[in-house]
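Peer 1: Here is a sequence together with a model predicted from it:
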Amino acid sequence: MPSVPLPTIIPITDPEDPRIEPYRDVRERDLVGRDGLFIAEGAVVVRSLLQSTRTLARSLLIAEKRAEALEPMLAALPAGTPVYTATQPVLDRIAGFPLHRGILAVGERIETPGAADLLRACGPVARVVMLFGIGNHDNMGGIFRNAAAFGADAVILDSGCCDPLYRKAIRVSVGATLLVPTAKLATDEDPLALLDRFGFEAVALSPAGAETLAALTPPRRAALLFGSEGPGLPPALLARARSVRIPMAGSFDSLNVATTSGIVLHHIASGQVP
């Protein structure tokens, strides 16, 4: 069987080389929201970028010493994708910090479905995650990681959420933000009306929920609603949805939202009837 040709490797010796401008000082420069570009960091995340049908790798920048070990990944790149290499000192100067993972990629969004499109595509047994005001990138990444682990069909965000393609969110999610289908609610879109239209039962998580998670029989089409740390879900939304709580011991009244999402997704995924 003929071997797959590797892309041409382009050595970079000058940190100021204009060809690697998108990689310069990545901690200080947030590419998210600028022409749909983002930075992926680490071999696992970059592999997810290459597997994703929603994103495209524009280029890679790797440590010279890692080029040989990464050849199987490089062979999967679309023809013509630039692959830059640099020595570790040059790579660190480009990135603006010691880049121990030794691999970066610039990615681009190529698919932006609407929330209705994702819900319409779900099967008769489905679970989606709907997020409101999640502004912390660690929490966003953790929720997406849990969504991928427990087979969520989609994650839908309101306008108050941070971008899941921010570099830290991608890294914390171990690439899940690149793989789980994602959409944003339109500003004037009623989330509960939208869910009802497609036959989803809204389950809203709150420390003051009317019933316990353990007592909840998972709906066949479940939409799991999570709010930000502190404020939680909007009261008007809670009043219209089925509210559920996870009982706490002692004086604690809530869990971190990413942790909560993992517990709830596990309960729903393990209890849904096909």
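Peer 2: Great, that's in hand.
Peer 1: Burial check on the spatially closest residue to Gly175 that is not a sequence neighbour, number of neighbours?
Peer 2: Once flanking residues are discounted, Gly175 sits nearest to Ser48: 2.8 Å by CB to CB, 6 or more residues apart in numbering. Where C-beta positions appear, they are placed from N, C-alpha and C, glycine not excepted. Ser48: 22 surrounding residues under other CB atoms under 10 Å.
Peer 1: I'd assumed Ser48 was in a helix, is it?
Peer 2: Yes: applying DSSP: H, G, I helix; E, B strand; the rest coil, one finds Ser48 inside a helix.
Peer 1: Let me know the distance separating the residue nearest to His266 when sequence neighbours are not counted from Leu194.
Peer 2: Distance criterion CB to CB, 6+ apart; nearest residue to His266, sequence neighbours excluded, is Phe150 at 5.8 Å. Per CB to CB, to the nearest Å, Phe150 is found 22 Å from Leu194.
Peer 1: correct me, but the residue nearest to His266 touches Ala269?
Peer 2: Yes: with contact defined as CB atoms under 8 Å, Phe150 reaches Ala269; the gap is 4.4 Å.
Peer 1: where do the contact lists of the two overlap?
Peer 2: Arg127 (CB atoms under 8 Å, 6 or more residues apart in numbering).
Peer 1: Give me the local confidence score for the residue nearest to Gly175.
Peer 2: The score at Ser48 is 94. That number is its pLDDT.
Peer 1: go on, Val32?
Peer 2: pLDDT, Val32: 55.
Peer 1: repeat for the one 3 residues further on
Peer 2: Here the pLDDT value assigned to Asp35 is 66.
Peer 1: Equivalent analysis for the one 4 residues further on, please.
Peer 2: Model confidence at Ile39, given as pLDDT, is 90.
Peer 1: OK, contacts around it?
Peer 2: Taking CB under 8 Å, 6+ apart, one finds 22-23, 26, 31, 104-107, 167, 170 in contact with Ile39.
Peer 1: now do Asp14
Peer 2: Going by CB under 8 Å, 6+ apart, Asp14 touches Val90.
Peer 1: make it 10 Å
Peer 2: Asp14 makes contacts with 20, 86, 90, 93-94, as judged by CB atoms under 10 Å, 6 or more residues apart in numbering.
Peer 1: same question, Phe252
Peer 2: The neighbours of Phe252, taking CB under 10 Å, 6+ apart as the test, are Pro207.
Peer 1: Roughly how far does it sit from Thr259?
Peer 2: Going from Phe252 to Thr259 by CB to CB gives 12 Å.
Peer 1: now do Gly133
Peer 2: 17 Å.
Peer 1: Likewise for His266?
Peer 2: Distance from His266 to Thr259, counting by CB to CB: 11 Å.
Peer 1: Repeat that for Gln88.
Peer 2: In terms of CB to CB, Gln88 sits 36 Å off from Thr259.
Peer 1: again with Phe144
Peer 2: Phe144 is 14 Å from Thr259, by CB to CB.
Peer 1: These two: which has the busier surroundings?
Peer 2: Phe144 (29 against 15).
Peer 1: Looks to me like that one is in a strand.
Peer 2: No: assessed with three-state DSSP, Phe144 is helix; it does not lie in a strand.
Peer 1: ok so, going back, residues near the residue nearest to His266, how many?
Peer 2: Here the number of neighbours of Phe150 (other CB under 10 Å) works out to 18.
Peer 1: Next: the one 4 residues further on.
Peer 2: Each residue near Ala154 was counted by other CB under 10 Å, and the total is 22.
Peer 1: just the CA coordinates of stretch 237-252, formatted as PDB?
Peer 2: Extracted C-alpha coordinates of stretch 237-252, given in PDB (Å, rounded to 0.1, in the frame of the first residue of the first chain):
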ATOM      1  CA  LEU A 237     -36.400  30.400  33.200                       C
ATOM      2  CA  LEU A 238     -36.400  28.300  36.400                       C
ATOM      3  CA  ALA A 239     -40.100  29.200  37.000                       C
ATOM      4  CA  ARG A 240     -41.100  27.600  33.600                       C
ATOM      5  CA  ALA A 241     -38.800  24.500  33.700                       C
ATOM      6  CA  ARG A 242     -38.700  21.300  35.700                       C
ATOM      7  CA  SER A 243     -36.200  22.200  38.400                       C
ATOM      8  CA  VAL A 244     -33.900  19.600  39.900                       C
ATOM      9  CA  ARG A 245     -31.300  19.800  42.800                       C
ATOM     10  CA  ILE A 246     -28.400  17.600  44.000                       C
ATOM     11  CA  PRO A 247     -28.600  17.500  47.800                       C
ATOM     12  CA  MET A 248     -25.500  18.700  49.600                       C
ATOM     13  CA  ALA A 249     -24.100  17.700  53.000                       C
ATOM     14  CA  GLY A 250     -23.900  20.200  55.900                       C
ATOM     15  CA  SER A 251     -23.900  23.900  55.000                       C
ATOM     16  CA  PHE A 252     -22.800  23.500  51.300                       C
END
